[in-house]
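# Predicted structure and sequence below. I'll ask about it afterward.
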Amino acid sequence: MHVAGRMGPHNQCYDLPGSPDLRQWAQRKDSDVRVLVVEDEQLLADAVATGLRREAMAVDVVYDGAAALERIGVNDYDVVVLDRDLPLIHGDDVCRKIVELGMPTRVLMLTASGDVSDRVEGLELGADDYLPKPFAFTELTARVRALGRRTTVPLPPVLERSGIKLDPNRREVFRDGKEIQLAPKEFAVLEVLMRSEGAVVSAEQLLEKAWDENTDPFTNVVRVTVMTLRRKLGEPPVIVTVPGSGYRI
């Protein structure tokens, strides 16, 4: 069912975060995908980023192709949501650069044109997926999540370790059969730790996967989140602190 959304460029209607239906939908799902949104329509870009952050994704936003290439050179992104018509450097050239660098980053290309020839051309440039405007936010999120899965080693859809069962799609966590209610960042941190399958994950890695680049690298937000996560998961503790290295389950 289409949900009425905000008006975009040329009076196009986008199904974006803000409606009650979407808020309820967003609370049911989650991910630890890191995303770069590249879109010159700032209101649209910021709305998309806000919606993806509600999914506990770490999201950065830029508004032109030059800034996109700069961020891609600095940060590791799982998915780039890339508008094709960008100022300074065209979206096609940004996509070509990602392909030339041999990066595992997946590209979801956006365009105002829905012509088949444009979609084919975008895919031939190296884009992994293509979404014409206007779009439903639920579809955008599903495509981002699907592309994010391609950048990681496949794991069972439900993660289980040390009596904890985590379902990323339903955004559900159980310990010894009892459901645990977690905030989005707590869920994201737990998912990263579960996916590491017992390996140590540094605070820097957690910060990179669960928060965006605007987060102060010297913040204690990771320590505080792990502390509240431990409390909610209960006894006996399952998250171990490895001094000087990070955390593991």
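Okay, I see it. For clarity, every value in this text was computed on a predicted model and none was experimentally measured.
# Tell me how many other residues surround Val59.
Residues near Val59, counting by other Cβ atoms under 10 Å, number 26. C-beta: built from backbone N, CA, C; applies to glycine.
# Over to it. Which of the three states is it?
Following DSSP: H, G, I helix; E, B strand; the rest coil, Val59 is assigned to strand.
# mind checking how far it is from Ala210?
For Val59, the distance to Ala210 (Cβ to Cβ, to the nearest Å) stands at 11 Å.
# Over to Ala199?
Taken as Cβ to Cβ, the span from Ala199 to Ala210 is 16 Å.
# of these two, who's got more company?
More crowded of Ala199 and Ala210, by other Cβ under 10 Å: Ala210, with 25 against 10.
# Give me the three-state assignment for the spatially closest residue to that one that is not a sequence neighbour.
Excluding the flanking residues, the one nearest Ala210 by Cβ to Cβ, 6 or more residues apart in numbering is Ala188, at 4.0 Å. Per three-state DSSP, the secondary structure class of Ala188 is helix.
# Neighbours of Ala188, how many?
Close neighbours of Ala188, defined as other Cβ under 10 Å, add up to 25.
# my read: Cys95 touches Leu125, true?
Yes. Look at Cys95 against Leu125 with Cβ atoms under 8 Å: they come within range, at 4.8 Å.
# Between these two, which contacts overlap?
Met109 (Cβ atoms under 8 Å, 6 or more residues apart in numbering).
# just to revisit the earlier point, could you report the distance from the residue nearest to Ala210 to Ala199?
17 Å.
# which one of Cys95 and Leu125 has more residues nearby?
Legend: neighbour count by other Cβ under 10 Å for Cys95 and Leu125, higher for Cys95 (23 against 18).
# quick one: which helix or strand includes that one?
helix 91-100 (DSSP states H and E).
# Direction included, what does the next helix or strand after that helix pair against?
For helix 91-100, the following helix or strand on the C-terminal side (DSSP H and E) is strand 106-111. Looking at strand 106-111 with DSSP bridges, its partner strands are strand 79-83 (parallel), strand 129-132 (parallel).
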